[in-house]
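K.L.:
Sequence and predicted structure, then a few things I'm wondering about:
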Amino acid sequence: MAGLLIANALRLRQPLALPCGLALPPRALRRGLIAGTAWGIVMGTLLTAQAAWSCDVLCLSDAALTTAFSIAAGLCTIGPLAALRPPSA
């Protein structure tokens, strides 16, 4: 899914220029991708477990689709929050 995106982000050595004039350091991009993907995997697992618990059966296509959408949602929501967090004091 996001393997190519994450692999390229991990090799990024220079700041990423954003359209709004901000420069995003490679470290922040990595942090956002890792946080978003981790959140998506955890949420996909929890939602799949809840569906399997309530239906007493695990549907693999439903699990794959739920996990894929959860990772996409994590990259779009949690990723930017992690990447653009304020610096630690």
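P.N.:
Arrived safely.
K.L.:
pLDDT weak spots in this structure?
P.N.:
The chain contains residues with pLDDT under 70 at 1-23, 86-89.
K.L.:
Which parts of it are helices?
P.N.:
For the chain, applying DSSP state H gives helices covering 3-10, 26-55, 60-83.
K.L.:
can I get these in CSV with mean neighbour count?
P.N.:
For every residue, glycine as well, the C-beta is placed using N, CA and C. Formatted as CSV, the helices of the chain follow (neighbours: other CB atoms under 10 Å):
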stretch, mean neighbour count
helix 3-10, 12
helix 26-55, 16
helix 60-83, 16
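K.L.:
so what's the nearest residue to A82 once chain neighbours are set aside up against?
P.N.:
Once flanking residues are discounted, A82 sits nearest to A35: 3.6 Å by CB to CB, 6 or more residues apart in numbering. A35 is in contact with G74, I78, G79, L81, A82, A83, counting by CB atoms under 8 Å, 6 or more residues apart in numbering.
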